[in-house]
Each structure stands twice: as C-alpha cells, then as structure tokens.
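[1] model this:
(chains A and B)
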Amino acid sequence: MANPATFWSVPRVSLRFVPVWQRNFMVWRRYLFERVVSNIVEPAITLVAFGYGLGTLLPLIDGVAYLPYLAGGTLCVSVMYSAKFESLWGAYGRMEVQRTWAAIMNAPVSIDDVLLGELAWAATKSLLTAAAMLLIVWTLGIARTPRALIVLPLAFVAGLAFSAMALIVNASAKGWDTLSTYFTIVVTPMIFLGGVFFPLSRLPPWLQEFSSYLPLTALVALVRPLMLDRVPENAALHLALLFGYALVCYFIAVGLSRRRLLR
Amino acid sequence: MAAAAVAAAALRVHELRKAYGQVAAVDGVSFRVRGGECFALLGPNGAGKTSILRCCLGLTSYQSGTIDLLGYRVPAQGRLARQRTGVVSQIDNLDPDFTVEENLLVYGRYFGLDPRAIRRRIPELLEFASLAQKAGARIGELSGGMKRRLMLARALINDPSLILMDEPTTGLDPQARHLIWERLKQLLAGGKTILLTTHFMDEAERLADRLAIVDRGRKIAEGSPRELIRGHIEPQVLEVYGEGAIQWARKCAQARGLRVEISGETAFCYATDAAALLPELEQLAGVRHLCRPANLEDVFLKLTGREMRAEW
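    Model prediction:
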C-alpha cells in the first residue's frame, strides 16, 4: 500500500483466507444449537403459516400449488438472510467492536484474505441454511426430488454474491444504523421484487426488467424449478449474474476496506 | 535468538514521513533497533508512536522514507516481515468467543502453523504468561492483567525474533505492570528484540536499552536513559512547594544560577549540587521540598514542554 491509488489494485489472495474461515466456523460450531434452531424454525413457520394457511385460499400458480411454489422462494430468502446477517452484523462486529480483523492483520494475513475468508464463510452459512431448509421440505413432503440437491452448490454461489454486496456496506458503514438502513432499503424490497411470494409477471414491465438484474431473482429462477423437479430456463445466464455480483462486489469491498483499515 | 544476518539491526527506519491529508503524523523520523535490545519510543499521546508502528508492520502507507524490518522492505514485503514478528496492540483484541487456549490455537493458524505444533507450544506459552490455570477460561473471565499477558503470549505463538508492543501496560495496576515488565526482561534475556511505545517514563527507564523521544511526529532525542539524563539535564532536582515556595525559587534559587521551572504550585529547581540549598530551605516555615536525582521525566518535560496541549 505505497499510496492510496493502490487501494484499488486487483485483490491479491492466498490460502491464508482458510484460517479466517476456520475461525468463524469454530464460533458457529460453539453456538450450533442456537443457530440451527433459528435457521430452521423461522422458515418452517413461514411455510406453515403462508403455505398451509394462505395457500389453501389461492389458485394454482403456473400449474403448481402454493405450498411447493412458496417452498423454493422461502429457501432462497433464508439463503440470502444467512449471508447478509453474517456479512453485515457479524463482520461489522468483528471489524469494529471485537477488533478481530485488526488482530488477524497483525499476523501475516492481508485484508484481501480476511475478506475472502468472510466471503467464503458467509457462503458456507448459506449452504448450511439451504441444507436445513431442504430437510424441512423433505420432511413435510413438499419436495422430495434428488434434483433439489443441486440447490446446495447454488446456495453457496448465491451466498458469495449476497455476502460480497454486504461487505461493501460493511466497509463504508458509519455505524450499526448504516447496516439497518441497507437492510431496509435493499434487502427487504428484494424479497418482493425477487419472485419469492408471487410470479414476476404480476409486476409492471419496467419493474420486471429491473427485477431481472437482482441476484435474488436469479437464485429463485434457479432454485424453484429444481425443487419442483424441473430444469431451470436460462440457467447459465442466472449463474453468470450471481458470479458477476460476487466478483465485482468483492473487488469493490476490498478497495473500500483497504481505504478504511489501511489508511 | 536473532538470526546472525539481522543481528546488527532488527529494524531500520529512515526518514519516515506519514501524513493524513495535510497533517503530518510522522515527520522525518529515523532510528535503528539492534538485534537483542529493547528500544522504546517515548512520547505524549498523539506524538505519532502508533503511526510509526503501523508503518513498520506494513499496515499503512507512508509518503516517503524506507523501513527494513528483519531484512524485509516494508510495506512491499510486509507479510514476510509479519511472519517473524510478534505484535501486542494497544487495545486488547482477543477473541471473546474462545477460551484462552483456543485463542492461541486460532491465532497460530494465521501464521500457517501446523495445529499439532501449536498445541505442543501452548502449555509453555501459558506457563510463561502465568495463565496455566486459566487455559479453559473465557476471555470475559480474565482480569485486565491476564488479558495483557495473554496478548503477549499470543504474540509469541510464531516464536518471533522481534516483538512490537504498543503501550503494553497502559491501564494496568502496579502489580500487573511489574509482572509484564518481568516477562519482557525474560524475553530480552532469551535473545528477543523488543520495540515498545510508552508514555510511562519509569517503563522506558526500566526496560529500554535505548529510546527515542518523539513529539509532534519528530524525534527530538535519542540515547540510553542515562545518556539522555546526563546530556539534557542537571543531575539533581529540588522540588519546592507550599506557601512562599514559588517566591523563594524565583528569588533565591535563580540568583544562585539554578534553572527554575514553575508548574502550578511547584517549582522545579535543577542543580548540580542541590544539597547546598537544603539548610536554607529548612529555615522557611511553610515551604516543603523534595530533593531527588533527575530522571527521564525531567528530560521529557524539558524537551516537550510542561504546558497542557489541546489534544490531551
């Protein structure tokens, strides 16, 4: 970091991101019970309340009953929440309150590696959440196709995208309130624009166009058909969008984090 | 033991300049830390001590100058330099979710160390830090002194040849400070090199082989504590206070050629032979006095001034 211009040089990563991932994994394992319960109970409630309660009042959507339709969408929201919470409140606490990042950077681990470790960890949590959700929908008999297992790697990739976006916010946050604001104006609206609860065809055309660029939309478009034992359309395009978000946002997050922590 | 190749200078800082916008935090500082010695950067808060340490670790950019840490050019080779350095930062940043033992294990992995090798090393480090009984304790259960000692043990996980410490005993009670000092002396006896920052004079005087006084981003003096005291100040100090003390100092002490500094209600009279004045002082009712050898604090105050500053 010879001068501020190098804040924006290409991230240089190494395998030292692994111990950062391991550290977060160890903390997670310690609070395993609490984490798993909240991971499973909340989406289960959503499914039961909306799927069984509201679902019986609704007609078929694209030839599918509401409960299996909703299951795919709910899984995607959980996947997004896991990565967002981890990379917003989790990462911010480690960076600003516990000073864990500062401690790690006193060892031979660069900020680029710290962020990569955080990114990989958030994506892992997305994957774990997807696994828990699949277990629920399998148990409830909502989706029992082997094809649904493809959701797991997809959840990891989407987790990378969601986390990288959140790490940008983390790197530029003035305080906890910045995180809440981001959640309110970006994350929550994405749920309604991502085709989670109803088909995107119900939105006005300009909003449909906008929605098609959102990472959650891409994830839902991949996950829902798989859970209904179908083949997703335009899968390569949706995957490319998720990878694109992950890569571009990681670069920006690294630049902003260097500016914040290495000045 | 410091490697032979770097024994001459563990750290070389040359003409270091670091600015935040228009404000120069470090303004042309040069110094060398020899292998096996304890070198202290002594200065008031805001003098630029922490900025110097961060530059040395390659954790921030600087405008000009060069830094060689254990033979590595920093910041370009910062990671290689940090691989062989131990750092005790000013703020405790232990991992609150882990036990004492786990903190060491997790930290060792950041150096790419084999977990089995780390586990073998942990008992020895806990013993050194007098924390063997606390191996399974959570960080929240530790006292301030224990946390500092764990910070020190954690900094030793990679068996570094150089240890950088930013105000290692700030906020500790006297017992805890003395225990840290004793451990640092033990490390020095074992051949480690230490660079520490402090604003405690007694800490610098006790531990440092040599020190640099830093103020407003500049180095204003350098040498061993004794050299500095001898070179910058008279050997004895007569502190006079109480009713009529200031008037006496201004009239009588100054008349006899003593250098007098007034701070609040106390007059500091610097002398080669202060004892000669004592009989006279005994006569004055209400005036109390203390005669003592000059110390580092006197040098420090002479060089940096007695007045309070806005940033304090």
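
[2] contacts, neighbours, all on C-alpha from now
    Noted.

[3] Show the backbone phi and psi for residue 196.
    In the absence of a named chain, chain A is used. With angles defined as degrees, to the nearest 10, A:Val196 sits at phi -80, psi -50.

[4] let's do chain B instead
    When read as degrees, to the nearest 10, the backbone of B:Leu196 gives phi -130, psi 150.

[5] Double-check it against B:Thr170; I have them as touching.
    No. Applying Cα atoms under 8 Å, one finds B:Leu196 not in contact with B:Thr170, separated by 11.9 Å.

[6] More neighbours: the two, which one.
    Between B:Leu196 and B:Thr170, counting by other Cα atoms under 10 Å in any protein chain shown, B:Leu196 is the more crowded of the two (25 against 14).

[7] How far away from the center of its chain is the lowest-mean-pLDDT helix or strand in chain A?
    Least confident helix or strand, chain A: helix A:32-46 with a mean of 81, by mean pLDDT, DSSP states H and E. Centroid displacement of helix A:32-46 relative to its chain, using Cα atoms, centre = their mean, to the nearest Å, is 16 Å.

[8] what do you get for stretch A:74-88?
    Mean-position distance between stretch A:74-88 and its chain equals 4 Å (Cα atoms, centre = their mean).

[9] likewise stretch B:164-183?
    Worked out by Cα atoms, centre = their mean, stretch B:164-183 lies 10 Å from the chain centre.

[10] Ends of that stretch, what's the gap?
    Taking Cα to Cα, to the nearest Å, stretch B:164-183 runs 14 Å from one end to the other.

[11] From the rest of the structure, what touches that stretch?
    Outside of stretch B:164-183, the residues within contact range by Cα atoms under 8 Å, 6 or more residues apart in numbering or on different chains are B:50, B:53, B:85-90, B:128-129, B:144-145, B:148-149, B:194-199, B:203, B:207.

[12] Give the next helix or strand downstream of the host helix or strand of A:Leu167.
    In this structure, A:Leu167 sits in helix A:151-172 according to DSSP states H and E. For helix A:151-172, the following helix or strand on the C-terminal side (DSSP H and E) is helix A:176-182.

[13] Any buried residues in the biggest helix by length in chain B, and which?
    Assignment by DSSP state H gives helix B:174-189 as the longest helix of chain B. For helix B:174-189, the neighbour count (16 or more other Cα atoms under 10 Å in any protein chain shown) marks B:176-177, B:179-181, B:183-185, B:187-188 as buried.

[14] quick one on the thing from earlier: so what secondary structure elements neighbour the least confident helix or strand of chain A?
    Here helix A:32-46 touches helix A:66-85, helix A:111-139, going by 3 or more Cα pairs under 8 Å, 6 or more residues apart in numbering or on different chains; DSSP states H and E.

[15] okay, the angle between the last one and helix A:66-85?
    Counting by axes from the mean of the first three to the mean of the last three Cα atoms, to 10 degrees, helix A:111-139 lies at 160 degrees to helix A:66-85.

[16] Packing partners of helix A:111-139?
    Other helices and strands packing on helix A:111-139, by 3+ Cα pairs under 8 Å, 6+ apart, are helix A:17-30, helix A:32-46, helix A:66-85, helix A:100-106, helix A:151-172, helix A:235-261.

[17] can you list the ones you listed in JSON lines and add mean neighbour count?
    What follows is the helices and strands packed on helix A:111-139, written out as JSON lines (neighbours: other Cα atoms under 10 Å in any protein chain shown):
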{"stretch": "helix A:17-30", "mean neighbour count": "18"}
{"stretch": "helix A:32-46", "mean neighbour count": "14"}
{"stretch": "helix A:66-85", "mean neighbour count": "25"}
{"stretch": "helix A:100-106", "mean neighbour count": "21"}
{"stretch": "helix A:151-172", "mean neighbour count": "25"}
{"stretch": "helix A:235-261", "mean neighbour count": "19"}
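
[18] which stretch in the ones you listed is the model least sure about?
    Lowest mean pLDDT within the helices and strands packed on helix A:111-139: helix A:32-46, at a mean of 81.

[19] before we move on, the earlier item: from the contacts of stretch B:164-183, which are also near chain A?
    Among these, the residues lying close to chain A (Cα under 8 Å from any Cα of the partner chain) are B:86-87.

[20] Buried subset of the contacts of stretch B:164-183, written for PyMOL?
    Buried residues among the contacts of stretch B:164-183 (16+ other Cα under 10 Å), as a PyMOL selection:
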select buried, chain B and resi 50+53+85+86+87+88+89+90+128+129+144+145+148+149+194+195+196+197+198+199+203+207
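
[21] Looking at the contacts of stretch B:164-183, which are in strands?
    Here DSSP state E is the test, and the contacts of stretch B:164-183 give B:85-88, B:194-198 as lying in strands.

[22] And these, which is closest to chain A?
    Within the ones in strands among the contacts of stretch B:164-183, proximity to chain A (Cα to the nearest Cα) peaks at B:Val87, which comes in at 6.4 Å.

[23] quick one on the thing from earlier: using JSON lines, lay out the helices and strands packed on helix A:32-46 together with distance to B:Leu258.
    Shown next, in JSON lines, are the helices and strands packed on helix A:32-46 (distance: least, Cα to Cα, whole Å):
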{"stretch": "helix A:66-85", "distance to B:Leu258": "68"}
{"stretch": "helix A:111-139", "distance to B:Leu258": "56"}
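
[24] Now the stretch 51-200 of chain A against chain B: closest residue?
    Closest residue of the stretch 51-200 of chain A to chain B, Cα to the nearest Cα: A:Pro108 (4.7 Å).

[25] who's in contact with that residue?
    Counting by Cα under 8 Å, 6+ apart, A:Pro108 makes contact with B:78-83, B:110-111.

[26] at 10 Å instead, please
    Contact partners of A:Pro108, counting by Cα atoms under 10 Å, 6 or more residues apart in numbering or on different chains, are A:16, B:57, B:78-85, B:110-112.

[27] now do B:Pro160
    B:Pro160 makes contacts with B:1-2, B:82-87, B:192-193, as judged by Cα under 10 Å, 6+ apart.

[28] Try it again at 7 Å.
    Taking Cα atoms under 7 Å, 6 or more residues apart in numbering or on different chains, we find B:Pro160 in contact with B:84-86.

[29] helix, strand or coil for it?
    coil (DSSP: H, G, I helix; E, B strand; the rest coil).

[30] how close does it sit to B:Leu211?
    Distance, B:Pro160 to B:Leu211, by Cα to Cα: 21 Å.

[31] What ranges does the stretch 101-250 of chain B have for its helices?
    With DSSP state H, counting those that start in this stretch as the criterion, the stretch 101-250 of chain B has helices at B:115-128, B:144-155, B:174-189, B:201-207, B:225-232, B:245-248.

[32] Report the contact partners of the residue lying closest to A:Ile104 once chain neighbours are set aside.
    Spatial nearest neighbour of A:Ile104, excluding adjacent residues (Cα to Cα, 6 or more residues apart in numbering or on different chains): B:Tyr110 at 6.9 Å. Residues near B:Tyr110 by Cα under 7 Å, 6+ apart: A:16, A:19, A:104, A:107-109.
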